[in-house]
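Peer 1: Need a 3D model of the sequence below.
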Amino acid sequence: MARISKKANSSGDTMDVAVSEFMQQIKESEKEGEIKSSPIIQADVPAVTKPDSSSPASIPSSVKEIRLPSPLPKRISLPIKKVNQLPSSTSTPAKVVKSSLSSLFGSGKVALITGASSGLGLEFAKLLAQKGYHLVLVARNEQKLKDLKSDLEVAYPIKAHIIVKDLAQPRSPQEIYDELSSQHIIPELLINNAGFGSFGEFYTLNWVVESAMIQVNVVALCQLTHLFLPDLIKQKRGKILNVASLAGFQPGPLMATYYATKSYVLSFSQSLSNELRGTGVSVTVLCPGPTATEFARNANLENVSKLFKRKPMSAEVVVKTGYTALMNGKTIAIPGFSNRLLIFLERFIPRKMQTQIVRNMQEKVSS
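Peer 2: Now for the predicted structure:
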């Protein structure tokens, strides 16, 4: 055991001597290659006391033990990797790329039409293209939409964008809105036209079909209106047209679900029209009677119901009536004088009698 002992008149001198002799022993040991296990170095380390300001410090000596690790670690030199300085950014800010639809439509007016591949939706697309509106066409049938887009862009100086969606799927309205809003497209006209019906006693009908009908005729229509309405109100202009039916004015045995959905659309549209006064946005509900579209065939009414035995109104006439009412900010549009007269007289007929009259009209044609 090595001992280092040194007396000094001051604490500073004592520590300097102890450390100096200790470092000398380490150097000698490294030269000889011999470092003894667990060496203990004893040094006279003065105890520190509070100095007396009136006299020089008198510090008694004491012995301290300092245990060193065995063997003593060798000095390790770690390589220091030079880090190149990052070059200062000299690149210019990225240019904002205009979205494809914004570039396509420019500053022109835009109309969104659901159920655009056939029937009233198809006629609305033709009429609005003729009026100079760029179009967003929504339907399930992709090929029909592509054909319509091509025909309209050739015939009129407009552009059309197609969105293939089934509005019976609950997520579709949100997806339509997200696709357009992400490209900063706010349609000035929203034509909620998509819808279908079914025929028969309610308990015999397929519930999957009835449920899908409610989703398309009611829920999708309401959700699309709810999604786009804040944007229309913010820009203080816009028009919404919801397609209902004469069926919305009375109960409809043998088409109970369909009549109920159209009654909802009628009432909803009238209420919304009142709420939106002064906002710059108007709501029109179109209520046609039997019309020459694919509706009767899809609802199994063709050559079955007495209601469609008489000659129906043309889709073109219905659409022109709806468009005129929409542009004039009218709330309810009923195409055809006879249809308007029917609705006027209906208010004088008891509800129970109305229901029976509709039932008689809906009965199957006798063979």
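Peer 1: Who are the contact partners of the closest residue to residue 325 other than its chain neighbours?
Peer 2: Once flanking residues are discounted, residue 325 sits nearest to residue 333: 3.5 Å by CB to CB, 6 or more residues apart in numbering. Where you see a C-beta, it was placed from the backbone N, CA and C, and this is true even at glycine. Residues counted as contacts of residue 333 (CB atoms under 8 Å, 6 or more residues apart in numbering) are 284, 285, 286, 287, 321, 322, 324, 325, 326.
Peer 1: quick one, helices of the stretch 151-300 of the chain?
Peer 2: Under the criterion DSSP state H, counting those that start in this stretch, the stretch 151-300 of the chain carries helices at the ranges 172-181, 207-214, 221-235, 256-275, 295-298.
Peer 1: and the longest one, what does it pack onto?
Peer 2: Spelled out, that is helix 256-275. helix 207-214, helix 221-235, strand 238-243, strand 281-286 (3 or more CB pairs under 8 Å, 6 or more residues apart in numbering; DSSP states H and E).
Peer 1: quick one: which of the ones you listed is nearest residue 158?
Peer 2: The closest of the helices and strands packed on helix 256-275 to residue 158 is strand 238-243. By CB to CB, the value is 17.7 Å.
Peer 1: got the CA coordinates for the closest one in PDB?
Peer 2: Extracted C-alpha coordinates of strand 238-243, given in PDB (Å, rounded to 0.1, in the frame of the first residue of the first chain):
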ATOM      1  CA  GLY A 238     -76.900  29.400 -54.100                       C
ATOM      2  CA  LYS A 239     -80.000  27.400 -54.900                       C
ATOM      3  CA  ILE A 240     -81.200  23.900 -53.900                       C
ATOM      4  CA  LEU A 241     -83.800  21.900 -55.700                       C
ATOM      5  CA  ASN A 242     -85.200  18.800 -54.000                       C
ATOM      6  CA  VAL A 243     -87.300  16.400 -56.100                       C
END
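Peer 1: Let me know the angle separating that strand from strand 281-286.
Peer 2: Put simply, strand 238-243 runs at 20 degrees to strand 281-286, going by axes from the mean of the first three to the mean of the last three CA atoms, to 10 degrees.
Peer 1: tell me the mean pLDDT over strand 238-243?
Peer 2: Mean per-residue pLDDT for strand 238-243: 98.
Peer 1: Show the contacting residues for residue 210.
Peer 2: Here residue 210 is in contact with 198, 202, 257 (CB under 8 Å, 6+ apart).
Peer 1: Quick check: of those residues, which lies closest to residue 215?
Peer 2: Using CB to CB, the contacts of residue 210 come closest to residue 215 at residue 257, 11.4 Å.
Peer 1: Now do the same contact list for the closest one.
Peer 2: 197, 198, 202, 205, 210, 213, 214.
Peer 1: can you list the helices and strands packed on helix 256-275 in TSV and add distance to residue 337?
Peer 2: Converted to TSV, those look like this (distance: least, CB to CB, whole Å):
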stretch	distance to residue 337
helix 207-214	30
helix 221-235	28
strand 238-243	20
strand 281-286	16
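Peer 1: So which of these is nearest residue 132?
Peer 2: Among these, strand 238-243 sits nearest to residue 132 (CB to CB), with 14.9 Å.
Peer 1: ok and the closest one relative to helix 221-235, angle-wise?
Peer 2: Angle of strand 238-243 versus helix 221-235, following the same axes, to 10 degrees, is 160 degrees.
Peer 1: same for strand 238-243, what does it pack against?
Peer 2: Using 3+ CB pairs under 8 Å, 6+ apart: strand 238-243 touches strand 189-192, helix 221-235, helix 256-275, strand 281-286, helix 315-327.
Peer 1: redo that, cut-off 7 Å
Peer 2: Applying 3 or more CB pairs under 7 Å, 6 or more residues apart in numbering; DSSP states H and E, we find strand 238-243 packed against strand 189-192, helix 221-235, strand 281-286, helix 315-327.
Peer 1: All set now, cheers.
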